[in-house]
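*Asks:* predicted model follows, preceded by the sequence.
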Amino acid sequence: MRGSPRGQVNSILQLIDHKDHANSTTRSRHAAKLQARKDGARTSSDVAKKTGIYSYATRRVYQRLCEEFLQFSRENDGIKDAQKIDEVHVERFLAFKAEIVKFSSLKAYASALNKFAVGLNAFDGGRRDWTTATQSVKDGVSLEERSCPDPKAYENPAAFLQALDEPFRTLAELQLFGGLRVSEGLKLTEKNLRGGKLYLTMTKGGRRRETIVLPESTFRKVEQAILKDGEFKVVDHQYSYALKQAVIGVGEKWHGTHGLRWNYVQYRFEELQAHDGLDYDEALQQVALEIGHGRASITEWYLRK
């Protein structure tokens with residue numbers, strides 16, 4: 001398939017656009033869902049795979065979101081043909097969006113891409129199913145992050161880190177000094193440690209991160225926990241609660257656990273320019289890679305005050 005992202009998306013979505021211009025679109029959608037269930041669909045996800053688009057508003061939103069996805073795939077993966085996109089590209093894009101949009105918006109992107117897969121299958125007779133990839137990214141967003149969708153950097157994280165007990169303090173240090181997502185630091189094992197560095201291979205979006213340098217004290221605490229228990233293990237919701245209490249206890253506004261990742265990006269961006277001699281664009285790209293992204297513009301998002 002050739003053409004611009006807009007043209008490709010339009011051609012694909014037209015194939016599953018079943019708006020009934022003469023009658024009620026609600027009746028058409030309802031009938032399609034009933035038929036899908038008669039054909040064996042059991043879950044809402046199964047129904048979505050067997051139905052098209054029945055609303056002008058939905059069509060407009062899906063058009064815009066899918067165009068953004070195709071443009072992202074062109075810029076980051078060199079994919080110009082929508083038919084060559086697979087679940088890896090889908091997961092990478094959604095992982096990127098999960099960093100910068102509210103959870104409700106992330107769900108909209110996931111729905112749009114799942115419907116786009118339906119359209120692609122209608123176009124070439126394929127059997128694409130991106131629901132596992134889209135659900136994986138949604139599941140990777142913690143309950144705390146869902147309720148705190150607009151994190152920002154903290155004013156003085158050192159103050160509330162002192163109020164945390166272990167292992168919560170160490171996980172907070174992994175976020176602050178290593179730029180980790182909470183999910184990446186919950187269950188580290190010996191394979192994640194090498195020569196004083198932290199190696200992450202199973203990250204959100206599937207990007208390997210093998211250059212995470214930590215303060216020696218933080219690295220040693222993780223290492224000792226792994227030697228003692230076989231893994232560095234923290235319970236997600238217990239960590240979020242403890243961190244929130246510590247933040248509020250020093251008079252700061254709660255920006256979620258992800259706020260510490262913002263602190264890392266802002267500090268690291270300045271450090272790369274001041275001490276490593278990187279120019280603005282080079283520092284943007286380097287930080288993006290260090291936090292598990294390939295797109296330099298994600299760094300600029302974290303630099304917002």
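*Replies:* Alright, I've got the coordinates.
*Asks:* from Glu67, how far out is Ser4?
*Replies:* Here the criterion is C-beta to C-beta, to the nearest Å. By it, Ser4 lies 9 Å from Glu67. C-betas here are computed from N, CA, C, even on glycine.
*Asks:* the more surrounded of the two?
*Replies:* Glu67 (18 against 13; other C-beta atoms under 10 Å).
*Asks:* which outside residues touch the helix or strand where the more buried one lies?
*Replies:* In this structure, Glu67 sits in helix 56-77 according to DSSP states H and E. Helix 56-77 is contacted by residues 5-6, 8-10, 12-13, 17, 19, 25, 53, 79-80, 82, 85, 89-90, 92-93, 96, 108-109, 111-113, 115-116, 294-295 when judged by C-beta atoms under 8 Å, 6 or more residues apart in numbering.
*Asks:* and the next helix or strand after it, what does it pack onto?
*Replies:* Moving toward the C-terminus from helix 56-77, the next helix or strand (DSSP H and E) is helix 87-98. Using 3 or more C-beta pairs under 8 Å, 6 or more residues apart in numbering; DSSP states H and E, the elements in contact with helix 87-98 are helix 56-77, helix 103-124, helix 131-139.
*Asks:* how many other residues sit next to the residue nearest to Lys80 when sequence neighbours are not counted?
*Replies:* Once flanking residues are discounted, Lys80 sits nearest to Arg74: 5.7 Å by C-beta to C-beta, 6 or more residues apart in numbering. Other residues within reach of Arg74, judged by other C-beta under 10 Å, total 14.
*Asks:* before we move on, what about Gly126?
*Replies:* 11.
*Asks:* I'd assumed it was in a strand, is it?
*Replies:* No: applying DSSP: H, G, I helix; E, B strand; the rest coil, one finds Gly126 to be coil, outside a strand.
*Asks:* residues contacting it?
*Replies:* Gln83, Leu120.
*Asks:* what is the burial count for the closest residue in space to Asn192 that isn't next to it in sequence?
*Replies:* The spatial neighbour of Asn192 that comes closest, neighbours along the chain excluded (C-beta to C-beta, 6+ apart), is Tyr199 at 5.4 Å. Using other C-beta under 10 Å, Tyr199 has 15 other residues around it.
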